[in-house]
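[1] sequence below, structure please.
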Amino acid sequence: MKEKLSKIIKKVCTKEVIFYVIFGVLTTIINLGVFYVLSDLLKWDENLSNIIAIITAVLFAYFTNKDLVFHSEAKDFKAKWKEFAKFISGRAFTMVIEWVGGALLFLTPLPQMISKLIVTVIVVILNFFISKFFAFKKTKK
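    Numbering: from 1, shown residues only. From the prediction side, this is the model:
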């Protein structure tokens with residue numbers, strides 16, 4: 001049993017996953033921080049604050065994922081543009097999930113930041129799989 005668990009941990013805890021988690025945490029901090037500043041400190045509408053926070057976090061995530069996590073193989077402008085479009089498409093999909101999930105959870109008695117955190121964790125997990133298997137998919141050699 002211990003050996004099986006060790007194999008699973010080695011398979012899951014790759015350098016790519018560890019870096020994704022680190023930058024995912026930083027992306028989440030940026031997302032939550034921008035949301036907090038706009039909604040709580042500046043008293044902007046929570047849904048507008050949420051959209052701005054998501055967009056800011058997505059741009060940060062693109063550059064860190066492209067260069068530091070998945071090590072983009074795109075060389076020319078066309079390949080880079082295609083990769084960026086795939087990344088943004090994936091993030092647009094999860095942005096809708098995050099926005100709708102946030103809007104629904106903001107209607108509950110949960111504190112805003114707890115609602116935002118719940119949705120954000122779900123989105124980070126989805127984004128890993130979208131980035132790895134869609135946006136930054138390695139070409140077979």
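[2] pretty sure residue 124 sits against residue 28.
    Yes: using CB atoms under 8 Å, residue 124 makes contact with residue 28 at a distance of 6.3 Å. Any C-beta I mention is one placed from the backbone N, CA and C, and that applies to glycine too.
[3] more neighbours: the two, which one.
    Neighbours were counted for residue 124 and for residue 28 using other CB atoms under 10 Å; residue 124 has more, 21 against 18.
[4] what residues sit buried inside the helix or strand harbouring residue 4?
    Using DSSP states H and E, residue 4 maps to helix 2-12. Neighbour-count burial for helix 2-12, counted by 16 or more other CB atoms under 10 Å, picks out no residue.
[5] quick one: distance of that helix to the chain centre.
    26 Å (CA atoms, centre = their mean, to the nearest Å).
[6] after the longest helix that the chain contains, which helix or strand is next?
    Ranked by number of residues, the top helix in the chain under DSSP state H is helix 77-105. Helices and strands here follow DSSP H and E; after helix 77-105, the next one along the chain is helix 112-130.
[7] center of the protein - which residue?
    The chain has residue 124 as the residue nearest its centroid, 4.1 Å off, counting by CA atoms, centre = their mean.
[8] quick one: residues in contact with the lowest-mean-pLDDT helix or strand in the chain.
    Lowest by mean pLDDT, DSSP states H and E among the helices and strands of the chain is helix 2-12, with a mean of 77. Outside of helix 2-12, not a single residue reaches it under the criterion CB atoms under 8 Å, 6 or more residues apart in numbering.
[9] ok, now with 10 Å
    Helix 2-12 is contacted by residues 17-18 when judged by CB atoms under 10 Å, 6 or more residues apart in numbering.
[10] after that helix, which helix or strand is next? Please name it.
    helix 15-36.
[11] ok so, going back, CA atoms only: put the helix holding residue 4 into CSV for me.
    What follows is helix 2-12, C-alpha atoms only, in CSV (Å, rounded to 0.1, in the frame of the first residue of the first chain):
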residue,chain,number,x,y,z
LYS,A,2,2.8,2.4,0.9
GLU,A,3,4.6,1.6,-2.4
LYS,A,4,1.4,2.3,-4.4
LEU,A,5,0.9,5.6,-2.6
SER,A,6,4.6,6.5,-3.3
LYS,A,7,4.2,5.7,-7.0
ILE,A,8,1.1,7.9,-7.2
ILE,A,9,2.8,10.8,-5.5
LYS,A,10,5.8,10.6,-7.8
LYS,A,11,3.5,10.5,-10.8
VAL,A,12,1.4,13.5,-9.7
